[in-house]
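[1] can't give you the sequence, but here's the structure:
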């Protein structure tokens, strides 16, 4: 259905441009947009590569152990059934840390690995579902990707969105977990 809607919008726009004799503006706009998309992709590739590298270094050093100890009390409440010495718990901590640092793209492979490990060890648990819910809400202390985007687009205050992101993320996580606990109690 969406293909038809997008197709109609594109054909309608082109027809309108031809009728109003503005096809040159449409053509120029397409090329400008393509150029901006490529520049943005290269910028984001750099940001993602940098933070993926930092996460790989953190994973191999004692710094990650320190960060894990800080967030472990919170995660142990949410993931009660997960063994704290397991690979799954390690990847949950890494994933949560990456999300806190605003590295959603770096957190994705860690989250997928955590879910895979959870499925290996806990066939009947809903821990993977809770992890997916928390990732969807994505609490971010430093929303580096959004700050990078705002900076590249010329924002005068790229950090000005931090408080709003914190507020929205906290509300999203609380709502997701409340719905999760409500629905799992209804089912059981």
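    Yes, it's here. Nothing here was measured: the structure is a model prediction, and the numbers come from that model.
[2] which parts of the helix or strand encompassing residue 12 are buried?
    Assigned by DSSP states H and E, residue 12 belongs to helix 2-19. Of the residues in helix 2-19, residue 17 count as buried by neighbour count, 16 or more other C-beta atoms under 10 Å. Every residue, glycine included, has its C-beta placed from N, CA and C.
[3] Past it, which element shows up next along the chain?
    For helix 2-19, the succeeding helix or strand toward the C-terminus, using DSSP H and E, is helix 23-60.
[4] Now do that next one against helix 2-19: the angle between them, please.
    Angle, helix 23-60 to helix 2-19, by axes from the mean of the first three to the mean of the last three C-alpha atoms, to 10 degrees: 140 degrees.
[5] Identify the residues contacting stretch 61-70?
    Contact with stretch 61-70 is made by 58, 90, 93-94, 97, as judged by C-beta atoms under 8 Å, 6 or more residues apart in numbering.
[6] can we see that at 7 Å?
    With contact meaning C-beta atoms under 7 Å, 6 or more residues apart in numbering, stretch 61-70 is reached by 58, 93-94, 97.
[7] roughly how far apart are residue 8 and residue 1?
    Distance, residue 8 to residue 1, using C-beta to C-beta, to the nearest Å: 11 Å.
[8] hmm, back to that, widest-spaced pair of the contacts of stretch 61-70?
    Spatial extent of the contacts of stretch 61-70 (C-beta to C-beta) is set by the pair 58 and 93 at 10.7 Å.
[9] Looking at those two, which has the bigger crowd around it?
    residue 93 (23 against 19; other C-beta atoms under 10 Å).
[10] nearest residue to that one other than its sequence neighbours?
    Closest residue in space to residue 93, ignoring its immediate chain neighbours: residue 68 at 4.2 Å, by C-beta to C-beta, 6 or more residues apart in numbering.
[11] Could you pull out the buried residues of the helix or strand where the one you found lies?
    Taking DSSP H and E as the criterion, residue 68 maps to helix 62-78. Neighbour-count burial for helix 62-78, counted by 16+ other C-beta under 10 Å, picks out 64, 67-68, 72, 75, 78.
[12] can you list those residues in CSV and add pLDDT?
    Listed next are these as CSV, based on pLDDT from 0 to 100:
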residue, pLDDT
64, 68
67, 74
68, 71
72, 81
75, 84
78, 83
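[13] from those, which is closest to residue 147?
    residue 67 (20.3 Å).
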